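Chemist: missing the sequence, but the structure's below:
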């Protein structure tokens, strides 16, 4: 089951909403509807207007997060990177690209583009507010006796204020925030890329630990959110460190160097019952389907489970196999296979040439290579 839905494309980039975003959107709307000025609309009447403003604020907030990610993606596209998608999650947006450039200058520009977009949006909106209310301070807006008269202007100020906050927060030098990538790009000009990543990730973990401790000490007054954010920062820093280490270690390693050439296959005319017997005998949970020497599909134990036991004798492999295949070539980098597995949540990829199978590479093959090369 897919955990995200695609709502469209911009600049050729698929825009997706994760299920966590769909769950958190009404929560944000409720918070804005029940917060008092200047961070909410609890004093606005009638209720229909109050909730309309709150929902609009929540939608505009995540729209600004999306524009933040477009800032990253635009610079990435200009420098030749391929953006696979932009997904809005519970805590913001994520641009999924095939590979982050190793050039420190390019990574610096990409990392800075997102916060710069947030700063621009925030500055423009706060300027509009200031021009509309020249006597008010942008840091302490809306005198209480007048706040009820300006719900729309309050929305402008609130979105502007949040974007400035996003700008500052994202510049914290800790993965997975943009500040962590800015720090790595700075360090990568002075040391190896992997050491720069380890240093930036280490700072990110330390920051997460301090934030978690602060959240624990202030749990009684809402510190739970600091603990939750600290957890995601720590995990993000750890994952960035691991993925970079694996990518660097596998540099120069081709799929032909690690793949298995002895590939067990099945035919599309085989019954599912015979397939299960083959799985028991050969101890593999997935097989390429080959007819007359040509690759026709792939079948796994997951496909078998969709067929009731009493019907397996009459159902053919051709009826349950997957025809849309993810394959690679012998000359591809091992990192390419690993990224395909991660992106598509699969454990092995067929290696083929001119429609014929030449081997198969699994996640285990790649991890074994990493262990040996370390």
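Modeler: Alright, I've got the coordinates. Fair warning: this is a prediction, and the values are worked out from it, not measured in the lab.
Chemist: so where do the helices sit in the stretch 251-374 of the chain?
Modeler: Under the criterion DSSP state H, counting those that start in this stretch, helices of the stretch 251-374 of the chain are mapped to 255-258, 272-282, 301-304, 317-320, 334-344, 363-373.
Chemist: May I see the buried residues of the third one?
Modeler: In this case it means helix 301-304. 303-304 (16 or more other Cβ atoms under 10 Å). Yep, even glycine has a C-beta here, placed from its N, CA and C like the rest.
Chemist: What of the last one?
Modeler: Residues 365-366, 369-370 are the ones in helix 363-373 that count as buried (16+ other Cβ under 10 Å).
Chemist: Please convert those residues to CSV, extending it with distance to residue 274 and pLDDT.
Modeler: Converted to CSV, those look like this (distance: Cβ to Cβ, whole Å; pLDDT from 0 to 100):
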residue, distance to residue 274, pLDDT
365, 27, 85
366, 31, 85
369, 34, 84
370, 36, 83
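Chemist: Reformat those residues as a markdown table; add distance to residue 230.
Modeler: As requested, the buried residues of helix 363-373 are exported to a markdown table (distance: Cβ to Cβ, whole Å):
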| residue | distance to residue 230 |
| --- | --- |
| 365 | 36 |
| 366 | 31 |
| 369 | 34 |
| 370 | 29 |
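Chemist: out of these, who's nearest residue 261?
Modeler: Proximity of these to residue 261 (Cβ to Cβ) peaks at residue 365, which lies at 11.5 Å.
Chemist: Looks like the closest one contacts residue 258 (just checking).
Modeler: Yes. Look at residue 365 against residue 258 with Cβ atoms under 8 Å: they come within range, at 4.8 Å.
Chemist: What residues sit buried inside whichever strand or helix holds residue 119?
Modeler: Using DSSP states H and E, residue 119 falls within helix 104-132. Within helix 104-132, the residues that count as buried by 16+ other Cβ under 10 Å are 104, 106-119, 121-122, 125-126, 129-130.
Chemist: what about the strands in this structure?
Modeler: Assigned by DSSP state E, the chain shows strands spanning 4-10, 13-18, 83-89, 92-97, 286-291, 294-300, 327-328, 348-353, 356-362.
Chemist: Show me the domain layout of the chain.
Modeler: 4-171, 192-249, 255-373 (automatic domain parsing).
Chemist: could you dump those domains to CSV with distance to residue 180?
Modeler: Listed next are those as CSV, based on distance: least, Cβ to Cβ, whole Å:
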stretch, distance to residue 180
domain 4-171, 8
domain 192-249, 5
domain 255-373, 20
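Chemist: Show me where the stretch 151-300 of the chain dips below the pLDDT cut-off.
Modeler: 220-222 (pLDDT under 70).
Chemist: how far is stretch 307-323 from where the chain is centred?
Modeler: Offset of stretch 307-323 from its chain centre (Cα atoms, centre = their mean, to the nearest Å): 35 Å.
Chemist: With stretch 102-116 instead?
Modeler: Counting by Cα atoms, centre = their mean, stretch 102-116 comes out at 18 Å from the chain centroid.
Chemist: OK, contacts around the closest residue in space to residue 190 that isn't next to it in sequence?
Modeler: Nearest non-adjacent residue to residue 190, counting by Cβ to Cβ, 6 or more residues apart in numbering: residue 196, 7.7 Å away. By Cβ atoms under 8 Å, 6 or more residues apart in numbering, the contact set of residue 196 is 184-185, 187-188, 190.
Chemist: top of those residues by neighbour count?
Modeler: Within the contacts of residue 196, residue 184 tops the neighbour count with 28 neighbours, counted by other Cβ atoms under 10 Å.
Chemist: Once you drop chain neighbours, what's closest to residue 360?
Modeler: In space, residue 360 is closest to residue 263, 5.0 Å off (Cβ to Cβ, 6+ apart).
Chemist: how deep is the one you found tucked in, by neighbour count?
Modeler: The number of residues packed near residue 263 is 16, by other Cβ under 10 Å.
Chemist: quick thing: my sequence starts at 30, can you match it?
Modeler: That works, and once the first residue is 30, the last one we named lands at residue 292.
Chemist: Make sure it is actually in contact with residue 385.
Modeler: No. With contact defined as Cβ under 8 Å, residue 292 does not reach residue 385; the gap is 10.7 Å.
Chemist: Quick check: neighbours shared by the two?
Modeler: Contact criterion Cβ under 8 Å, 6+ apart; residues shared by residue 292 and residue 385: none found.
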